[in-house]
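# Coordinates for the following, if possible.
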Amino acid sequence: MTGLPKKISDEFDNRHMELVWEELRLRFGFNVAEWKKLFRIEFSKQPRNVTEIEFFLIFGNRHINDLLNRLLCRRLNHPTFNNLVFYIIERTRQPSSRASSGYSNRRVISG
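Predicted structure coming up:
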């Protein structure tokens, strides 16, 4: 996958793809079922040598990035979708933030 940061091209897989869809649903209210239908329709038109993962990144940059940038009042060419993908990859590499911050071990001391 050329033109992408090495971390994305080397590490992104199907599990990450599903997590990106879920993040889009939770954080931005995406109707994921409809977006997946559009993705499948467009993916079916791709040459056979384009993998689903490769096309997901292309699709996200082509269709989702501009929408996210408009929602977030960013420049249209800001790499928001790629940053989201990078965030998902990084998040799956680390233990949950609650556990790593010691949150679960804190106790409330009443005074």
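# And the pLDDT at Gly111?
Looking at Gly111, its pLDDT stands at 51.
# brain fart, Tyr103
For Tyr103, the pLDDT comes out at 42.
# And for Asn82?
With respect to pLDDT, Asn82 has a value of 94.
# what's the distance between it and Ala33?
Asn82 is 24 Å from Ala33, where distance means CB to CB, to the nearest Å. C-beta here means a position set from N, CA and C on the backbone, and glycine is covered the same way.
# Of these two, which one has the most company?
Taking neighbours as other CB atoms under 10 Å, Asn82 and Ala33 compare with Asn82 leading, 16 against 9.
# Now do the contacts for the closest residue to Asn61 other than its chain neighbours.
Excluding its sequence neighbours, the residue lying closest to Asn61 (CB to CB, 6 or more residues apart in numbering) is Phe81, at 5.5 Å. Phe81 sits next to Gly60, Asn61, Ile64, Asn65, Leu68 when contact means CB atoms under 8 Å, 6 or more residues apart in numbering.
# rerun that using 10 Å as the cut-off
20, 24, 57, 59-69 (CB atoms under 10 Å, 6 or more residues apart in numbering).
# Which entries within those residues meet the buried criterion?
Burial by neighbour count, judged by 16 or more other CB atoms under 10 Å, picks out Val20, Leu24, Leu57, Phe59, Gly60, Asn61, Ile64, Asn65, Asp66, Leu68, Asn69 from these.
# tell me the centre residue of the chain?
Nearest to the geometric centre of the chain sits Val20, at 3.2 Å (CA atoms, centre = their mean).
# Can you give me the pLDDT of that residue?
pLDDT, Val20: 97.
# swap in the one 5 residues further on?
pLDDT recorded at Arg25 is 97.
# I'd like the numbering to begin with 12 instead of 1 from here.
I'll keep to 12 as the first residue from here, and by that count the last item is Arg36.
# Okay, and it sits in which element?
Arg36 belongs to helix 25-39 when assigned by DSSP states H and E.
# how about the CA coordinates for stretch 54-74, as CSV?
Listed next in CSV are the C-alpha coordinates belonging to stretch 54-74 (Å, rounded to 0.1, in the frame of the first residue of the first chain):
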residue,chain,number,x,y,z
PHE,A,54,-15.1,-2.6,-3.7
SER,A,55,-16.9,-4.9,-6.2
LYS,A,56,-15.8,-2.5,-9.0
GLN,A,57,-12.1,-2.7,-8.1
PRO,A,58,-9.5,-4.7,-10.0
ARG,A,59,-8.9,-8.1,-8.5
ASN,A,60,-5.4,-7.2,-7.3
VAL,A,61,-6.8,-4.6,-4.9
THR,A,62,-7.4,-6.1,-1.5
GLU,A,63,-10.3,-5.3,0.7
ILE,A,64,-7.9,-3.7,3.3
GLU,A,65,-6.2,-1.6,0.6
PHE,A,66,-9.6,-0.4,-0.7
PHE,A,67,-10.9,0.4,2.7
LEU,A,68,-8.1,2.9,3.1
ILE,A,69,-8.7,4.3,-0.3
PHE,A,70,-12.5,4.5,0.3
GLY,A,71,-11.9,6.1,3.7
ASN,A,72,-9.7,8.8,2.2
ARG,A,73,-11.9,9.3,-0.8
HIS,A,74,-15.3,9.4,1.0
